[in-house]
Structures are given as structure tokens and as C-alpha cells.
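Engineer: fold the following, please.
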Amino acid sequence: MPLINSLHNDNSTRIICWKTTETDEELLDFLQLSPYRIMKYLTMGPKQGKEYLGLRACLKVLNLDLDVLYDERGKPYLPASKQFSITHSFDMVCVGLSEYFIGIDIEKARPHKILNIKEKFIREDEANWIPKEREEEYLHVIWGIKEGLYKLNGGNLWNFLHHYRVEPFELKENEPIVCWISDEVKSEKFLAYYTLIEDYYLVWVVDFE
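Structural biologist: Next up, the predicted model:
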């Protein structure tokens, strides 16, 4: 099974990723889903169905036989005490579980695309410190951080230019990166981390307050 396990695993936070290169039949055989979950899977299209099976595989590794629920803003949660976040890109599905509020994002490296959209999420004060020789790498990490902040905040603030800011950092995997969510009233500080999995950037943002 193409399981990528324990990318971040400490006393408070665990992240599991599953690369869904198996057939659906192989995943179904591994998962042994309940009739209710099989019926749910059968209502989905091929891409959504594969993502659902990858999600269930991650939850099985975490020993969580729970259904994912969604609040009024569409933020996923589990009927359990831990905080929870989901992300997927192409054939990779990841789940983050933490004692703290968490937002995770995984993105396949696509240099041309990230360069084309940088004006949509890179602030002027961020552009000033991004080194040109490694711009594509920084853009992928900053995009993931802002996606993580968005998910952590439940989609309440959505403008990546106005509401989310990343402080200068060096590209060092698993090292903390300071980032902020701000609105008209207050600013809140968070810590983000990233790592590379093959040609994917995995980023997680945690609220340790």
C-alpha cells in the first residue's frame, strides 16, 4: 500500500498521507467499508470516489472509525475531541489530527501555474524578500501556508492578499515559519511548517495558543 506515514508525529499533532495509486477495488478490499459507506462511495464520480477512499485509508491508519462531518461554513470535523484537517492534490490525500487548531495543504509542484497566479496571493511586503533564484519554491510554500490559514480559520477570511501574511523565512523543511491572520479588529500569530513528499509540497499550520 502506498502509505506515507508520520510526516509530522509528536505528542500533539499527527499527519498521515496516502498516495492512491491502487485500484478502487484494492482500496475497497483493504478498507472493508460498511454498507452505508459503500453506498456513499457509489454515489461519487471517479475522482471524488478515489479521494474518499484515500481519506478513509488515512482515517483507518489513525484508528478512527468515524464519519467526517462539515459545519455551516463547510469546514470538516470529526465527532471527537481532536482538531482535524483534510487536503488532497492529484493522487495524494492527507489528514491532519491535532490537539490544536490545524490547517493542512498539499500541492503538486507546478512552477508555471504558481508563477501565473502569484499576484493573487503574494503581498508586496512578501514579494520584497522572496529570492528570485528560488522564487517558485517559496511561492509553493507560501501558497500552502495561506491555504492552511484559510482552512484553520474555517474559511471565515478568504482574501489571501489582505487577510493572510507570511513573515520572511528560509527554505528549511520542518522549521517553524511565522504567519498571521488579520482583520479590521485584530491580528493572530500562527506557526507553519512544510516538507517535500516526492514532487508535492505539504504544509501545516498550527494554532498553539
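
Engineer: tell me where this structure has strands.
Structural biologist: 3-9, 13-19, 69-70, 76-77, 83-89, 92-98, 101-108, 164-166, 177-182, 187-197, 200-207 (DSSP state E).

Engineer: tabulate the ones you listed (a markdown table), appending mean neighbour count.
Structural biologist: C-betas here are computed from N, CA, C, even on glycine. Shown next, in a markdown table, are the strands of the chain (neighbours: other CB atoms under 10 Å):
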| stretch | mean neighbour count |
| --- | --- |
| strand 3-9 | 15 |
| strand 13-19 | 23 |
| strand 69-70 | 10 |
| strand 76-77 | 15 |
| strand 83-89 | 21 |
| strand 92-98 | 25 |
| strand 101-108 | 24 |
| strand 164-166 | 24 |
| strand 177-182 | 18 |
| strand 187-197 | 18 |
| strand 200-207 | 24 |
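
Engineer: which of those strands has the lowest mean pLDDT?
Structural biologist: When the strands of the chain are ranked by mean pLDDT, strand 3-9 comes last with a mean of 55.

Engineer: and this structure, what are its domain boundaries?
Structural biologist: Domain assignment for the chain by automatic domain parsing gives 3-99, 104-207.

Engineer: how many neighbouring residues does the nearest residue to residue 38 once chain neighbours are set aside have?
Structural biologist: Of all residues not flanking residue 38 in the chain, residue 28 sits nearest, at 7.6 Å (CB to CB, 6 or more residues apart in numbering). Neighbour count for residue 28, taken as other CB atoms under 10 Å: 17.

Engineer: mind listing what residue 146 touches?
Structural biologist: Contacts for residue 146 (CB atoms under 8 Å, 6 or more residues apart in numbering) come out as 121, 160, 164, 166, 179.

Engineer: what about the longest helix in the protein?
Structural biologist: Using DSSP state H to define each element, the chain has its longest helix at helix 135-152.

Engineer: pLDDT on that one, on average?
Structural biologist: Mean pLDDT, helix 135-152: 96.

Engineer: now it against strand 101-108, angle please.
Structural biologist: 140 degrees (axes from the mean of the first three to the mean of the last three CA atoms, to 10 degrees).

Engineer: off-centre distance for helix 135-152?
Structural biologist: Centroid separation for helix 135-152 versus its chain: 10 Å, with CA atoms, centre = their mean, to the nearest Å.

Engineer: tilt between that helix and strand 187-197?
Structural biologist: If you take the same axes, to 10 degrees, helix 135-152 sits at 120 degrees to strand 187-197.

Engineer: and the strands of the chain as TSV, adding distance to residue 150?
Structural biologist: Shown next, in TSV, are the strands of the chain (distance: least, CB to CB, whole Å):
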stretch	distance to residue 150
strand 3-9	19
strand 13-19	18
strand 69-70	15
strand 76-77	13
strand 83-89	11
strand 92-98	14
strand 101-108	7
strand 164-166	7
strand 177-182	9
strand 187-197	12
strand 200-207	9
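
Engineer: nearest to residue 52, of those?
Structural biologist: Closest to residue 52 of the strands of the chain is strand 92-98 (CB to CB; 8.9 Å).
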